[in-house]
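> Starting from these lines, generate the structure:
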Amino acid sequence: MKKILSLLSIIITLTSCTDAEKSQWGGLGDKHTVEMYSGGKLVKTWVSTGKVQSSSSSDGYYFRDQECDCNVEVSGDVVITRIK
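So this is what the prediction gives:
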């Protein structure tokens with residue numbers, strides 16, 4: 001019974017979400033490229049090991065970098081793209 005209620009809850013939640021919200025749920029666990037720009041020029045690129053999170057205490061984002069296996073926090077001109 002719990003499984004049915006959980007499934008029903010998820011279905012209701014997903015059908016009431018916008019396309020952007022659905023995309024966020026679909027991005028869980030997926031790798032992302034994170035590109036940082038300064039003065040309109042690309043200065044650094046990372047590949048995350050999973051979802052890139054928005055920081056609640058700042059205007060930045062944080063993620064785990066695939067190359068160094070370390071946590072990275074960025075802010076500023078950042079472009080985040082999900083890798084399918």
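
> which ones are touching Lys84?
By CB atoms under 8 Å, 6 or more residues apart in numbering, the contact list for Lys84 reads Asp30. C-beta coordinates here come from the backbone N, C-alpha and C atoms, glycine included.

> what kind of secondary structure is Ile80 in?
Under DSSP: H, G, I helix; E, B strand; the rest coil, Ile80 falls in the strand class.

> Number of residues surrounding it?
Ile80 has 17 neighbours, counted by other CB atoms under 10 Å.

> Give the buried residues for stretch 1-10.
For stretch 1-10, a neighbour-count test (16 or more other CB atoms under 10 Å) marks nothing as buried.

> what's the offset of that stretch from the middle of its chain?
26 Å (CA atoms, centre = their mean, to the nearest Å).

> Which residues does it contact?
With CB under 8 Å, 6+ apart as the contact definition, stretch 1-10 has no outside contacts at all.

> what ranges do the helices span in this protein?
Ranges of helices within the chain are 2-15, 19-26, based on DSSP state H.

> Quickly, which of those helices bottoms out on average pLDDT?
Confidence, taken as mean pLDDT, is least for helix 19-26 of the helices of the chain (a mean of 47).

> Show me the domain layout of the chain.
In terms of domains, the chain is parsed into 1-28, 31-84 (source: automatic domain parsing).

> hey, which of the ones you listed is tucked in deepest?
Across those, the average number of neighbours (mean count of other CB atoms under 10 Å) peaks for domain 31-84, which reaches a mean of 13.

> In the chain, what helix or strand scores lowest on average pLDDT?
helix 19-26 (a mean of 47; mean pLDDT, DSSP states H and E).

> returning to what we had before: where among the domains of the chain is average confidence lowest?
Minimum mean pLDDT among those: domain 1-28, a mean of 59.

> Excluding chain neighbours, give the residue nearest to Cys70 in space.
Residue nearest to Cys70 in three dimensions, not counting chain neighbours: Arg64, with 7.2 Å by CB to CB, 6 or more residues apart in numbering.

> Run through the bridge partners of the one you found.
Taking DSSP bridges as the rule, Arg64 bridges to Asn71.

> Next up, the contacts around it.
Contacts of Arg64 by CB under 8 Å, 6+ apart are 48-50, 70-72.

> Understood, closing this out.
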